[in-house]
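Trainee: all I have is the shape, not the residue letters:
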Ligand SMILES: Nc1ncnc2c1ncn2[C@@H]1O[C@H](COP(=O)(O)OP(=O)(O)O)[C@@H](O)[C@H]1O
Ligand SMILES: [Mg+2]
């Protein structure tokens, strides 16, 4: 079976004024369908930069990112947007829910830009994450853990192949954090590829495959 994600010698250099900063230094990696992976590293090691390349939210300075065997750099911006919308679900540390939309409206939002509408899926997903009684709450009326569960439901609305989670428990207490990780592991069993970023190894203990990042390089794991 082919790789869902492949990074070939991906590097990222930021130039600010006269200062060049090599934030990622030749990262190579591949992930098969339904595989799970934890990216572990201290703050500033390049984890978010790496995930943003995979999610086509940022462009490498060198190297290539392939999604389902297709080189992202050879896609035009609308093809890239389509991959982002249909193949990838994002979960972030600070949830990024829209405050003036209800939980259900937040979940259904990414479907509005899609030709394929799936009536009832938003409700179904909110039930799956245990929020059947919170569908019409606004984010301000939800706890952090509940907000993150809304964000997970939103990430799943367009039936992605890949979930990218950047420190998904970073803003939660340990009990809510564990619930969120359990939901994410559960997805992986349904054959969704999962990449979770964390600086906390205990969060990643159930994820079999781990890579450790330091100063923009993989220092352990593959
Ligand atoms: N847009 C940017 N411009 C310049 N430097 C950046 C930018 N984004 C991140 N960096 C730098 O790249 C390094 C890695 O950042 P990041 O990928 O966010 O690390 P992590 O997610 O592991 O904490 C940091 O030193 C950060 O200051
Ligand atoms: Mg980060």
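Mentor: Arrived safely. Since this is a predicted model, take the numbers as computed values, not measurements. Numbers count the residues shown, from 1 in each chain. Ligands and ions are numbered 1, 2, ... in the order given.
Trainee: C-alpha only now, for contacts and for neighbours.
Mentor: Fine.
Trainee: ok, residues contacting the lowest-mean-pLDDT helix or strand in the chain?
Mentor: Least confident helix or strand, the chain: helix 174-189 with a mean of 87, by mean pLDDT, DSSP states H and E. Helix 174-189 has contacts (C-alpha atoms under 8 Å, 6 or more residues apart in numbering) with 34-36, 129, 144-145, 148-149, 168-170, 194, 203, 207.
Trainee: now with 7 Å?
Mentor: For helix 174-189, contacts defined as C-alpha atoms under 7 Å, 6 or more residues apart in numbering pick out 34, 36, 145, 149, 169, 194.
Trainee: which of those has the most neighbours?
Mentor: residue 169 (29 neighbours; other C-alpha atoms under 10 Å).
Trainee: per-residue confidence for residue 1?
Mentor: Residue 1 is assigned 60 on the pLDDT scale.
Trainee: now do residue 49
Mentor: Here, the pLDDT recorded for residue 49 equals 97.
Trainee: which residues are in contact with it?
Mentor: Contacts of residue 49 (C-alpha under 7 Å, 6+ apart): none.
Trainee: helix or strand next in line after the least confident helix or strand of the chain, which one?
Mentor: strand 193-198 (DSSP states H and E).
Trainee: pLDDT on that next one, on average?
Mentor: Rounded mean pLDDT across strand 193-198 is 94.
Trainee: for it, packing partners?
Mentor: When contacts are defined as 3 or more C-alpha pairs under 7 Å, 6 or more residues apart in numbering; DSSP states H and E, strand 193-198 packs onto strand 36-41, strand 162-166.
Trainee: so which of these comes closest to ligand 1?
Mentor: The closest of the helices and strands packed on strand 193-198 to ligand 1 is strand 36-41. By C-alpha to the nearest ligand atom, the value is 6.1 Å.
Trainee: what does the closest one rub up against?
Mentor: Contacts of strand 36-41 (C-alpha under 7 Å, 6+ apart): 47, 188, 193-199, 201, 204, 207, 209-214.
Trainee: and that strand, which strands flank it?
Mentor: Paired strands of strand 36-41, with direction, are strand 193-198 (parallel), strand 209-214 (parallel) (DSSP bridges).
Trainee: returning to that earlier point: which among the contacts of strand 36-41 end up buried?
Mentor: 47, 188, 193-199, 201, 204, 207, 210-214 (16 or more other C-alpha atoms under 10 Å).
Trainee: how close does the residue nearest the centre of the chain sit to residue 208?
Mentor: In the chain, the residue lying closest to the centroid (C-alpha atoms, centre = their mean) is residue 164, at 1.5 Å. Here residue 164 is placed at a distance of 16 Å from residue 208 (C-alpha to C-alpha, to the nearest Å).
Trainee: on that earlier part again, list the buried ones in the least confident helix or strand of the chain?
Mentor: Under 16+ other C-alpha under 10 Å, the buried positions of helix 174-189 are 176-177, 179-181, 184-185, 187-188.
Trainee: among these, which one lies nearest to residue 159?
Mentor: Residue 159 has its nearest neighbour among the buried residues of helix 174-189 in residue 187, at 11.0 Å by C-alpha to C-alpha.
Trainee: thank you, goodbye.
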